[in-house]
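Colleague: Okay, sequence plus prediction incoming.
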Amino acid sequence: MVDISARERAAFRDDGVVFVGQALSPDLVAAAHELFEWSLAHPSGSACEFYPDEPGRFYQDLCHPEAAFAYRDFLERSPLADIVAQLWSGDEVWFLYEQVFVKDRAATRRTPWHQDSPYLALDGNDLAVVWINFSPIAQAHSLEFVRGSHRGPLYDGSAFDDEDDTRPIYAHGLPRLPDIEADRSSFDIVSFDIEPGDVVIFHPAVLHGGAPTTADSRRETLSLRFFGQDAVYAERPEPAPAPLTAGLHDALGVGERFRHPAFPRLRPSVTGFESIPKIDGHGQPLKTQIRTEPN
């Protein structure tokens, strides 16, 4: 059991991000890496490589329809659900989905600044993204966050365009992302040195972006997403691309509690795995889903 301090709860609430050192034992880090390898070996229809014309590889995949079953043992016995429940000061935790990232082969460009919430069909305070890495990462090469930005505004998402990091995914209804890299001194940016076992937990509405990698490094990241009692279905300018669950937008209305059989509950008791529907919402790679026509 990992006990979360009042300071850590305040950091998550006020900054939108918190570092939790050695949250995972070596055995759990090894188990998480096995799941990461499972995801690489079982790509979904949303697997893709961003920036394929560049020498470095930037691969991602998410929302595999079988992931909840593959990840179940780890989700039940790791302390992550208990940690996020403490950060929320609530008892109920559901598993939303997994996402994997690989950066390797050469120096890679930075991950564009963005918020996750524009891509997601849910809102609430009780939302958390747990960022797990399997090798040491120096602060200069780690994920970066703009403290307090989860309190608003909500910007349009980044289309991860080769030429323009702020190119939007909807191009209407939400303000365009600011060019943070062009004016870094105007933003309260924080990042962390990472060792295996450490986790960084952030609210999906916080602005964040990944520092570039070096030519001699391979960054493997597993991201796990959870939601709690106050999560509600949210409307974006168009149906949000994630979670990639067929029929989700038809099943829920704006402001309704975010509950669906695709998302099992982990705390206070485990339930729902047996009733996860055999559905697959993946029709095309993620980067195709989030690319609007340039404007």
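Modeller: Looks like it arrived, so ask away. Keep in mind the model is a prediction, meaning the values are calculated, not measured.
Colleague: Between the two ends of stretch 241-252, how far is it?
Modeller: 15 Å (CA to CA, to the nearest Å).
Colleague: Identify each buried residue in it, please.
Modeller: 241-245, 248, 252 (16 or more other CB atoms under 10 Å). Glycine gets a C-beta too; all of them are placed from N, C-alpha and C.
Colleague: Relative to P43, which of those is nearest.
Modeller: Distances from P43 to the buried residues of stretch 241-252, taken as CB to CB, are shortest for L244 (13.1 Å).
Colleague: rewinding a little: turn the buried residues of stretch 241-252 into JSON lines, including distance to A81 and secondary structure.
Modeller: JSON lines is the format used below for these (distance: CB to CB, whole Å; DSSP: H, G, I helix; E, B strand; the rest coil):
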{"residue": "P241", "distance to A81": "25", "secondary structure": "coil"}
{"residue": "A242", "distance to A81": "20", "secondary structure": "strand"}
{"residue": "P243", "distance to A81": "18", "secondary structure": "coil"}
{"residue": "L244", "distance to A81": "22", "secondary structure": "coil"}
{"residue": "T245", "distance to A81": "20", "secondary structure": "coil"}
{"residue": "L248", "distance to A81": "22", "secondary structure": "helix"}
{"residue": "L252", "distance to A81": "23", "secondary structure": "coil"}
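Colleague: Same list (those residues) but as JSON lines, adding distance to D156.
Modeller: JSON lines is the format used below for these (distance: CB to CB, whole Å):
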{"residue": "P241", "distance to D156": "13"}
{"residue": "A242", "distance to D156": "15"}
{"residue": "P243", "distance to D156": "19"}
{"residue": "L244", "distance to D156": "20"}
{"residue": "T245", "distance to D156": "22"}
{"residue": "L248", "distance to D156": "21"}
{"residue": "L252", "distance to D156": "22"}
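Colleague: ok, so of these, who is nearest V206?
Modeller: Comparing the buried residues of stretch 241-252 against V206 with CB to CB picks out A242 as the nearest, at 16.5 Å.
Colleague: Tell me how far the closest residue to L122 other than its chain neighbours lies from G124.
Modeller: Excluding its sequence neighbours, the residue lying closest to L122 (CB to CB, 6 or more residues apart in numbering) is F258, at 4.6 Å. Going from F258 to G124 by CB to CB, to the nearest Å gives 7 Å.
Colleague: which one of these two has more residues nearby?
Modeller: The neighbour comparison of F258 against G124 (other CB atoms under 10 Å) goes to F258, with 26 against 20.
Colleague: hang on, the more buried one packs against A231?
Modeller: Yes - here F258 reaches A231: they are 4.1 Å apart, a contact under CB atoms under 8 Å.
Colleague: hang on, the earlier thing: check contacts around the residue nearest to L122.
Modeller: Contact analysis of F258 by CB atoms under 8 Å, 6 or more residues apart in numbering lists 122, 124, 227, 231-233, 252.
Colleague: picking up where we left off before, give me the common contacts of F258 and A231.
Modeller: 122, 124.
Colleague: Quick check: A11 is in a helix.
Modeller: Yes - under DSSP: H, G, I helix; E, B strand; the rest coil, A11 sits within a helix.
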